[in-house]
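[1] my questions are about this predicted structure, shown below with the sequence.
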Amino acid sequence: MPPWGWWPLAIVGCAMYANSAVHEGRRAPFRTATWWALGWFVPSLAWMWFLTVPGYAIVCLLFASFHGAAAVVAHLIGRVSDAHHRTALAVTHTLAEVLRFSVPFGGVPLATLAISQSQSPFVHFAGIGGVILVTFAVLLFSFSDRRLRVAGAGAVILLVSIPFNTTTHEGDATYALVQGGGRQGTHVGDVEPREVFVAHLAATRNIMKDPSLTAVVWPENVINITGKGSFAESRELTELVAEARRLDVPFIVGITEDADDDSFTNAQVVIQPDGSVTDRYDKKRRVPFGEYMPMRSLLKALGAPVDLVPRDAVPGETPGFVDAAGIRMSVAISWEVFFGGRVNEGVASGGRVIVNPTNGSSYTWTILQTQQVASSRLRAREQGRWVLQVAPTGFTAFVSPSGDVHQRTAIGEQRVIIRTVELHSGRTLYSRTGNAPYICGLLLLLAWVMRRAARANRKGRS
């Protein structure tokens, strides 16, 4: 898993678990799978420590228990033969991953098996069936016996050679992504909002006017308007308009504003050189325990430190895209990029490029940030689109439709990266189908394996 991982190790780890589950783990399938999953989640979800220590422990145990339950179901199915057991393990553990994409609090699809495969041949399945198909392919390959694994390797090589990207290149656009820089591990209140804005403004002033430039993109919430004022009346808007007028291009910037005493909005807005704000997308998927406190009243009654998140973000209701310079962009703010369906919403609405404005400066380590780059690679493959990831302290990068990362910045540096990217129309198979057919397919496959196992069991008794 990023930032440490090398993708073949996921296959080795899964194969070792499967051998244990099929043999030694038969006596304690839940315990065997839970320990395996804890070894997976405890290090790779450690970024949650900076949001909520109790939440981090609970989530690791909860997600590990999902896989423990998956192992129990597979054990009940596979008591007749190892072949049935191994197939059932691949199906049930994939369904365990599907479950945690949605539960709890709308899902926490981080530290996924698919993220670990963002640079492997298995990522080719993303444009066909998204992370669900990637996950199932990895598990089925890893859990198979040696003979089937050789056949599986041949099938993967064959599928990789088939061009499944059905999108069409229609024009180009040049974007400047601005990273203001600064130190990691800072929270709201640690740094003056004006200081963050000034850093990004200083970096922007280094951009030279160029008629080929299409737009300038700033990260998530680097403009923080507090109190009774509004962004429309702010000093920051006046200064941004001056830069937009100098470069003669629109700016796509992240702002937060107070909605009331107990809530705020988190949006990406489009600012024109004439000073008008022509489009806006408000973030829909909020970070639990980061941007809102689930079950606030209950937790407060139990004495939990709910003041760590003093106000809740207001979820947006509009579709996930903005229009800038005549180009529709699918917008996924911050961790929304981990949700394939959230990004697909903007592409289905005509998005020709994906932009992921984010802010990972609250985290001291780079676990979450590197997993986010890997997730951007998955979204690029799923949608056949360029992804523009832009952050205030890192990582900022361009990601091609083939998942290649270009011009990735370093953590903490102040830098502007500029690149001409291809604009795409059309949709991949995954973009058209979504996740539902693959979830249904897994459930049908599980039912088929159960039937085969029951039939084999009856023959064994006769």
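    Looks like it arrived, so ask away. Quick caveat: nothing in here was measured; it's all calculated off a predicted structure. Numbers count the residues shown, from 1 in each chain.
[2] tell me the contacts of the most centrally placed residue in the chain?
    For the chain, Phe338 is the residue whose C-alpha lies nearest the centre (Cα atoms, centre = their mean; 1.5 Å). Residues near Phe338 by Cβ atoms under 8 Å, 6 or more residues apart in numbering: Pro109, Leu110, Gln372, Ser375. The C-beta positions use only the backbone N, C-alpha and C, and glycine is treated the same way.
[3] quick one: the strands in this structure, in order.
    Here the chain has its strands, by DSSP state E, at 168-179, 215-217, 223-225, 251-260, 263-271, 277-282, 312-313, 321-324, 327-331, 353-357, 387-390, 397-399, 405-406, 415-425.
[4] about what we covered before: most neighbours, which of the contacts of Phe338?
    For these, neighbours were counted using other Cβ atoms under 10 Å, and Ser375 has the most, 30 neighbours in all.
[5] now for that residue: which residues touch it?
    Taking Cβ under 8 Å, 6+ apart as the test, what Ser375 contacts is Leu110, Ile115, Ser118, Val337, Phe338.
[6] ok so, going back, dump the strands of the chain to JSON lines, plus mean pLDDT and distance to Ile77.
    Formatted as JSON lines, these follow (pLDDT from 0 to 100; distance: least, Cβ to Cβ, whole Å):
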{"stretch": "strand 168-179", "mean pLDDT": "96", "distance to Ile77": "44"}
{"stretch": "strand 215-217", "mean pLDDT": "98", "distance to Ile77": "49"}
{"stretch": "strand 223-225", "mean pLDDT": "92", "distance to Ile77": "53"}
{"stretch": "strand 251-260", "mean pLDDT": "94", "distance to Ile77": "48"}
{"stretch": "strand 263-271", "mean pLDDT": "96", "distance to Ile77": "45"}
{"stretch": "strand 277-282", "mean pLDDT": "97", "distance to Ile77": "45"}
{"stretch": "strand 312-313", "mean pLDDT": "92", "distance to Ile77": "43"}
{"stretch": "strand 321-324", "mean pLDDT": "98", "distance to Ile77": "43"}
{"stretch": "strand 327-331", "mean pLDDT": "98", "distance to Ile77": "40"}
{"stretch": "strand 353-357", "mean pLDDT": "98", "distance to Ile77": "39"}
{"stretch": "strand 387-390", "mean pLDDT": "98", "distance to Ile77": "39"}
{"stretch": "strand 397-399", "mean pLDDT": "98", "distance to Ile77": "39"}
{"stretch": "strand 405-406", "mean pLDDT": "98", "distance to Ile77": "40"}
{"stretch": "strand 415-425", "mean pLDDT": "97", "distance to Ile77": "42"}
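[7] redo these as TSV? Include distance to Leu445 and mean neighbour count.
    Putting these into TSV (distance: least, Cβ to Cβ, whole Å; neighbours: other Cβ atoms under 10 Å) gives the following:
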stretch	distance to Leu445	mean neighbour count
strand 168-179	33	19
strand 215-217	42	24
strand 223-225	49	22
strand 251-260	42	21
strand 263-271	40	21
strand 277-282	38	18
strand 312-313	39	18
strand 321-324	35	21
strand 327-331	31	25
strand 353-357	31	28
strand 387-390	31	28
strand 397-399	32	25
strand 405-406	34	16
strand 415-425	32	18
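[8] need the ones you listed in TSV (columns: distance to Val191).
    Shown next, in TSV, are the strands of the chain (distance: least, Cβ to Cβ, whole Å):
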stretch	distance to Val191
strand 168-179	15
strand 215-217	21
strand 223-225	10
strand 251-260	14
strand 263-271	17
strand 277-282	24
strand 312-313	19
strand 321-324	27
strand 327-331	25
strand 353-357	18
strand 387-390	18
strand 397-399	23
strand 405-406	28
strand 415-425	19
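[9] hang on, the earlier thing: pick out the most distant pair among the contacts of Phe338.
    Greatest spatial distance among the contacts of Phe338 (Cβ to Cβ): Pro109 and Gln372, at 11.5 Å.
[10] lowest-confidence helix or strand of this protein?
    Least confident helix or strand, the chain: helix 146-160 with a mean of 64, by mean pLDDT, DSSP states H and E.
[11] picking up where we left off before, among the contacts of Ser375, which lie within helices?
    Ile115 (DSSP state H).
[12] what's the closest of the contacts of Ser375 to Ala74?
    Among the contacts of Ser375, and counting by Cβ to Cβ, the member closest to Ala74 is Ile115, at 23.2 Å.
[13] and the nearest residue to that closest one once chain neighbours are set aside, how many neighbours?
    Counting by Cβ to Cβ, 6 or more residues apart in numbering, Ile115 lies nearest to Ala374, which is 4.7 Å off, once chain neighbours are set aside. When neighbours are counted by other Cβ under 10 Å, Ala374 registers 25.
[14] confidence score at Ala374?
    pLDDT, Ala374: 97.
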